[in-house]
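> Please find the sequence and the predicted model below.
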Amino acid sequence: MVKRGGETVNIVAILALATLAEAFVEYFVVPLLEKANAAEYAKYAALVVGVGLCLAYGIDILAMVIGLVSPYPYVGMILSGTIIGRGANYVNDFIDFVRGLAVLRLAR
């Protein structure tokens, strides 16, 4: 779990994990799914990667951000992985948006 304290570190940790999950899925999982004609399952892969990252690093977002501590530590980590996995999709959408802006800017 992130022990540095402060809201900024918590938000940065969440964004960093979401970005890592998105990058892993985008570079490693999506090409495999596209070969199998199953690209629509990428969001489930992001969920698995998010849960895996939170379990590996002991991240419990609910405890870090809002102080909601589960008596069963893995519950918080699994729910946090779900948040990270879903956040990976938002990060991907944001990256696509920024790339689109860059293309428009270069076209001028």
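Yep, that arrived.
> gap between the residue at minimal distance from the centre of the chain and residue 94?
In the chain, the C-alpha nearest the mean C-alpha coordinate belongs to residue 18, at 2.3 Å (Cα atoms, centre = their mean). Going from residue 18 to residue 94 by Cβ to Cβ, to the nearest Å gives 10 Å. Every C-beta, even on glycine, is put in place using the N, C-alpha and C of the backbone.
> okay, and the common contacts of these two?
Among the neighbours of residue 18, none is also in contact with residue 94 (Cβ atoms under 8 Å, 6 or more residues apart in numbering).
> For the residue nearest to the centre of the chain, give its distance to residue 85.
8 Å.
> now swap in residue 64 and tell me
Noted for residue 64: a distance of 17 Å to residue 85, by Cβ to Cβ.
> more crowded one of these two?
Using other Cβ atoms under 10 Å, the more surrounded residue of residue 64 and residue 85 is residue 85, with 26 against 22.
> What separation is there between that one and residue 38?
Residue 85 sits 17 Å away from residue 38, going by Cβ to Cβ.
> got it, and residue 71?
38 Å.
> Settle it for me: which of these two has more neighbours?
Between residue 71 and residue 38, counted using other Cβ under 10 Å, the more crowded position is residue 38 (12 against 6).
> what are the phi and psi values for that one?
The phi/psi pair for residue 38 (degrees, to the nearest 10) reads phi -130, psi 40.
> so where's the protein uncertain?
For the chain, applying pLDDT under 70 flags the ranges 1-9, 88, 91-92, 95.
> Mind naming the longest helix for it?
Counting by DSSP state H, the longest helix found in the chain is helix 73-107.
> tell me which residues of that helix are tucked away?
By neighbour count on 16 or more other Cβ atoms under 10 Å, the buried set for helix 73-107 is 76-89, 91-92.
> of those, closest to residue 34?
Nearest to residue 34 among the buried residues of helix 73-107 is residue 92, at 14.9 Å by Cβ to Cβ.
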